[in-house]
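Trainee: okay, here's the prediction I keep looking at, along with the sequence it came from:
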Amino acid sequence: MGFGKGYGKTILFGEHFVVYGFPAIASALSSYTTAEVKIVVGKGWEVIDQRPATPGYKKKKYNEAMQSIKNVIAHMNVDVGCQKLELTFSGDLFAASGVGASAAQATSLARAINDSFTLMLDDEKINDAAYEGEKAYHGTPSGIDNTASTYGGLIWFVKNLDGGKNTMEKLRSPEKIPLVIANTGITASTTEVVADVKRLKESNPEKFENIFKEYKILSEKAKKALLESDRSLIGKLMNQNHKLLQDITVSSEINDKLVGIALDNGALGAKMTGTGRGGLVIALAENDEVQKNITNAIEMKGYDAWKTMIG
Ligand code: MEV
């Protein structure tokens, strides 16, 4: 029997921009998905999915999840012709659009296979295997989700567009900062949203060039603000990042509504996170009390919200 974990993540800055080689900053969550691999008689593999999830999430992502598992197994050269893998996924990461659930599943599986077959792979190789899994969700994953899921902590990530090694830098911020994660309850298709952005960029290159320029400056400021735990500046930059995400049409009415509730209840900044057009929204709080107020306000409006810390 083999066992592995993959952390959930939240993108603090730069979703979508990261696909085009701009830096993004993500924080792993303390919640994770676990995978257990049992080798049984037979051939192929079977999945028992016990992860808690947003209603409809597993159904919508079913085909992609199966392809992702297939990719990881193939990449790790596991022979499933003369043995069967019984794969059980569980853990406390609530599977929802925006939380890196797909990457967490792929990473946990890679680690569990590594454990089960004593492959002795290092984190870099685990990350490579999880990246293969991520390809099942859209053709051009930046790799930020599996990197955050594999390494944990706060990371600065830049995709190498020439296919070489990506840049991954661990950031150490002096303080932990309270964050609220709010769930729109809508499961978005990363494949569709990423493809839409690509189409839009191709039809309006000038607009995108200006947005990209603005984002690049913002990302450098965000890194510095996080390294200094400058809460108020981090919040302001999150608001600006949300505006840019609106400009590239990946936010939605419900994302904007949750951002509004968070800001009205004292958040220093708020933005959608991840794919967008549903999924999750994050809000930065000055302290635990404000974090509680934001969480309560969101729940009062009928949405799920979780408290976490970044940094
Ligand atoms: C999805 O969590 C983040 C996106 O930027 C896609 C990617 O980075 O591959 C939307």
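Mentor: Arrived safely, thanks for sending.

Trainee: got phi/psi on residue 234?
Mentor: The phi/psi pair for residue 234 (degrees, to the nearest 10) reads phi -60, psi -50.

Trainee: what does the model give it for pLDDT?
Mentor: The score at residue 234 is 98. That number is its pLDDT.

Trainee: can you check residue 128 too?
Mentor: At residue 128, the model reports a pLDDT of 97.

Trainee: can you check residue 174 too?
Mentor: Residue 174 is assigned 88 on the pLDDT scale.

Trainee: quick one: mean pLDDT for stretch 279-299?
Mentor: Here stretch 279-299 scores 98 as its mean pLDDT.

Trainee: then stretch 39-48?
Mentor: 97.

Trainee: how far does it sit from the chain's center?
Mentor: The chain centre lies 28 Å from the centre of stretch 39-48; the measure is Cα atoms, centre = their mean, to the nearest Å.

Trainee: show the end-to-end separation of it, please.
Mentor: Terminal residues of stretch 39-48 are spaced 14 Å apart (Cα to Cα, to the nearest Å).

Trainee: give the buried residues for stretch 251-267.
Mentor: For stretch 251-267, burial by neighbour count (16 or more other Cβ atoms under 10 Å) applies to 251-252, 254-255, 257-259, 261-263, 265-267. Where C-beta positions appear, they are placed from N, C-alpha and C, glycine not excepted.

Trainee: could those go into CSV alongside pLDDT and secondary structure?
Mentor: CSV is the format used below for those (pLDDT from 0 to 100; DSSP: H, G, I helix; E, B strand; the rest coil):
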residue, pLDDT, secondary structure
251, 98, coil
252, 98, coil
254, 98, helix
255, 98, helix
257, 98, helix
258, 98, helix
259, 98, helix
261, 98, helix
262, 98, helix
263, 98, helix
265, 98, coil
266, 98, coil
267, 98, coil
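
Trainee: who's in contact with residue 301?
Mentor: Contacts here follow Cβ atoms under 8 Å, 6 or more residues apart in numbering; on that basis residue 301 touches residue 261.

Trainee: rewinding a little: want to throw the buried residues of stretch 251-267 into TSV with distance to residue 73?
Mentor: TSV is the format used below for the buried residues of stretch 251-267 (distance: Cβ to Cβ, whole Å):
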residue	distance to residue 73
251	36
252	35
254	36
255	35
257	41
258	37
259	39
261	42
262	40
263	44
265	45
266	47
267	42
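
Trainee: pick the one among those closest to the ligand.
Mentor: residue 251 (12.2 Å; Cβ to the nearest ligand atom).

Trainee: surely the closest one meets residue 273?
Mentor: No: using Cβ atoms under 8 Å, residue 251 is not in contact with residue 273, being 10.6 Å away.

Trainee: might you enumerate the residues of the stretch 201-311 of the chain proximal to the ligand?
Mentor: Within the stretch 201-311 of the chain, the positions near the ligand by Cβ under 6 Å from any ligand atom are 274-275.

Trainee: mind listing the strands for the stretch 201-311 of the chain?
Mentor: Taking DSSP state E, counting those that start in this stretch, the strands of the stretch 201-311 of the chain run over residues 269-273, 280-284, 304-310.

Trainee: for the nearest residue to residue 151 once chain neighbours are set aside, phi and psi?
Mentor: Closest residue to residue 151 apart from its sequence neighbours, by Cβ to Cβ, 6 or more residues apart in numbering: residue 123 at 6.3 Å. Dihedral pair for residue 123: phi -60, psi -40, per degrees, to the nearest 10.

Trainee: now the helices for the stretch 151-300 of the chain?
Mentor: Secondary structure of the stretch 151-300 of the chain (DSSP state H, counting those that start in this stretch): helices located at 190-203, 205-227, 231-247, 253-264, 288-300.

Trainee: quick one: the first one to chain centroid distance?
Mentor: Averaging C-alpha positions (Cα atoms, centre = their mean) puts helix 190-203 18 Å from its chain's average.

Trainee: kindly export that helix (C-alpha atoms) in PDB.
Mentor: Provided in PDB are the C-alpha atoms of helix 190-203 (Å, rounded to 0.1, in the frame of the first residue of the first chain):
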ATOM      1  CA  THR A 190     -10.500  25.700 -16.900                       C
ATOM      2  CA  THR A 191     -10.200  24.400 -20.500                       C
ATOM      3  CA  GLU A 192     -13.000  26.700 -21.700                       C
ATOM      4  CA  VAL A 193     -12.000  29.800 -19.800                       C
ATOM      5  CA  VAL A 194      -8.300  29.600 -20.800                       C
ATOM      6  CA  ALA A 195      -9.300  29.000 -24.400                       C
ATOM      7  CA  ASP A 196     -11.700  32.000 -24.300                       C
ATOM      8  CA  VAL A 197      -8.900  34.300 -23.000                       C
ATOM      9  CA  LYS A 198      -6.600  33.100 -25.800                       C
ATOM     10  CA  ARG A 199      -9.300  33.900 -28.400                       C
ATOM     11  CA  LEU A 200      -9.900  37.300 -26.900                       C
ATOM     12  CA  LYS A 201      -6.100  38.100 -26.800                       C
ATOM     13  CA  GLU A 202      -5.700  37.100 -30.400                       C
ATOM     14  CA  SER A 203      -8.600  39.300 -31.500                       C
END
